[in-house]
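Peer 1: need a structure here:
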Amino acid sequence: MRTLFEQWAGEQCEKVVQLTPSGSNRRYIRLVGEHRRCIATVNANVEENEAFFSFASQLASRGVRVPEVYAVSADRTSYLQQDLGDTTIYSYLVSRKASGVDTLEDMRRLYTRAVDDLYHMQTVLSDLDYTKAYPRARFDRQALMWDLNYFKYYFLKMVYAPFNEDDLERDFSALADYLLRDCPWQFVYRDFQSRNIMVGPSEELFYIDFQGCRMGAPQYDLASLLFSGGAAVPSALRAELLEHYLDLRFGGIESDIPSERQQDRRRFEQKFYGYALIRILQALGAYGYRGYFERKELFIKSVPTALSNLTSLLQAHPLPVELPALNAVLRYVCEHDEMVVEEGKLSVKVFSFSYKRGAPIDRSGNGGGFVFDCRALPNPGRDAIMMGLTGRHTEVKEFLDSILEVDCFFDNCTSLVRQSVLNYTERGFTSLVVCFGCTGGRHRSVYMAERMAAYLKAHFSCRVVLRHMEQNYW
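Peer 2: From the prediction side, this is the model:
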């Protein structure tokens, strides 16, 4: 990268700064010389890079504020682009909030500008060349199904949500049919959200990470901005911004007698909430993959906001299409996922699990907690009568209750857990994980998890979430 920089800048690179990884596999590096600076991007996916180069040129030629591409390596796997600084709408609001500022007016001002820019893009970018779009030129049925299955495999399965595969696929198909009916096929940015909008020195907005541009429904980008899992746009402001966009696109509603334009406006708004649902599910899939699988804390911490958005959306704007399996699984993740916490209150997640499958993932972003190995305790599963039972059955509990070493083991566990609960409560922490494992995750671990949950509920005011991973019970 230094060589590419020096060829472009005509001077030596004096400083190299690795930037914080994003939600992709691309690497970003700030290169600084005496007089010139830039952002170097390294990405082995040449097709994605070619899409970025194509759209950067086309968007800039139509007056959209995007970074200039300065130089590209011979193998097309790295390139230099304009350095727009470090301040996104998201980071700007986070910084202001951390300094004690009420950010509502800041958010209203910046988001209104972003909505204005989005409508401008959708107006002036009607004739883009999508031949280099990646991975496809349209946000069509196939793309919708990719997003929905991303949610299924990287979120639902990661949080152990129960669902019937056939029934869920049927609902996915019905949702895609509804959303794509009469689609206008306009410009779609694809990831139009607060972390991809840079704030310049005069609060001009610049747009990055647009390599996913394609044709699709205009509601999608608006939903991406207003329902972003990280930014937490208040519902009243979200409604205000939606009305602002609708006024730009359709004009205001001037009478109680619906004109054809007003009917179009209402149909657009109804589809908007459908695309908001798609966007939230796609984001949850990304958070599951980048957070739970790759263990990136930023994405794990975005899950509660996304679930809050999902809950409010389902309550306020049900779709006019029957989706029984999808609605059931969405209610499940909103009501039962252990990431749902009460602000300012410690939530203790107690798990039983099988060592054959491994300990559960800590989805709080804290990286883990207590894991107690129950395999040294007497195993009720060796008894023919108790073999088919679990640690929740009376026979198993009475058997383990009668053994002194089981009591000693539990006392040692409670001593450690109690210390953490008291300390975490005093320090205002919101999450603690306590896991009990045994060979099959059926008897000893279940018994201990039940006993620990009962102990915590009896002695502390913390919220207790109990899950038996092998028993599919919580």
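
Peer 1: Residue 188 against residue 210, yeah?
Peer 2: No. The pair residue 188 and residue 210 does not pass the contact test of C-beta atoms under 8 Å, sitting 10.2 Å apart. Bear in mind the C-beta positions are built from the backbone N, C-alpha and C, glycine included.

Peer 1: Between these two, tell me which one has more neighbours.
Peer 2: In this comparison of residue 188 against residue 210, neighbours counted by other C-beta atoms under 10 Å, the higher total goes to residue 188 at 25 against 21.

Peer 1: Around the nearest residue in space to the more buried one that is not next to it in sequence, how many other residues sit close by?
Peer 2: Closest residue to residue 188 in three dimensions, ignoring its sequence neighbours and counting by C-beta to C-beta, 6 or more residues apart in numbering: residue 216, at 3.9 Å. Residues near residue 216, counting by other C-beta under 10 Å, number 25.

Peer 1: Show me what the strand or helix carrying residue 274 is packed up against.
Peer 2: The secondary structure element spanning residue 274 is helix 260-287 (assigned by DSSP states H and E). In terms of contacts (3 or more C-beta pairs under 8 Å, 6 or more residues apart in numbering; DSSP states H and E), helix 260-287 is packed against helix 141-151, helix 165-180, helix 219-226, helix 235-250, helix 297-300, helix 303-316.

Peer 1: wait, which of these is closest to residue 67?
Peer 2: Across those, the minimum distance to residue 67, taken as C-beta to C-beta, is reached by helix 219-226, at 18.9 Å.

Peer 1: for the closest one, the distance to its chain's centre please.
Peer 2: Helix 219-226 sits 15 Å away from the centroid of its parent chain (C-alpha atoms, centre = their mean, to the nearest Å).

Peer 1: what packs against that helix?
Peer 2: Packed against helix 219-226, as judged by 3+ C-beta pairs under 8 Å, 6+ apart, are the following elements: helix 104-124, helix 235-250, helix 260-287.

Peer 1: again, only using 10 Å
Peer 2: Here helix 219-226 is seen to pack against helix 104-124, strand 186-188, helix 235-250, helix 260-287 when contacts are counted using 3 or more C-beta pairs under 10 Å, 6 or more residues apart in numbering; DSSP states H and E.

Peer 1: what's the average pLDDT for it?
Peer 2: In this model, helix 219-226 carries a mean pLDDT of 97.

Peer 1: Between helix 303-316 and that helix, find me the angle.
Peer 2: For helix 219-226 and helix 303-316, the angle between their directions (axes from the mean of the first three to the mean of the last three C-alpha atoms, to 10 degrees) works out to 120 degrees.

Peer 1: tell me which residues in the lowest-mean-pLDDT helix or strand in the chain are buried?
Peer 2: Confidence across the helices and strands of the chain bottoms out at helix 297-300, with a mean of 75, counting by mean pLDDT, DSSP states H and E. Neighbour-count burial for helix 297-300 flags 298-300 (criterion: 16 or more other C-beta atoms under 10 Å).

Peer 1: Distance to residue 384 for those residues - can I get that in TSV?
Peer 2: Listed next are these as TSV, based on distance: C-beta to C-beta, whole Å:
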residue	distance to residue 384
298	51
299	47
300	44
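
Peer 1: Looks like residue 431 contacts residue 364 (just checking).
Peer 2: Yes. Using C-beta atoms under 10 Å, residue 431 and residue 364 qualify as a contacting pair, with a distance of 3.6 Å.

Peer 1: So between the two, which is more surrounded?
Peer 2: Just comparing residue 431 and residue 364: by other C-beta under 10 Å the higher neighbour count belongs to residue 364, 23 against 20.

Peer 1: which residues does the more buried one contact?
Peer 2: Counting by C-beta atoms under 10 Å, 6 or more residues apart in numbering, residue 364 touches 297, 300-301, 303-304, 338-339, 341, 347, 349, 429-433.

Peer 1: tell me, what's touching residue 188 and residue 210 both at once?
Peer 2: Both residue 188 and residue 210 are contacted by residue 121, under the criterion C-beta under 10 Å, 6+ apart.

Peer 1: what's the neighbour count on residue 46?
Peer 2: Residue 46 has 12 nearby residues by other C-beta under 10 Å.

Peer 1: Identify the nearest residue to it in space, disregarding sequence-adjacent positions?
Peer 2: Sequence neighbours aside, residue 76 is the residue nearest to residue 46 in space, at 4.8 Å (criterion: C-beta to C-beta, 6+ apart).
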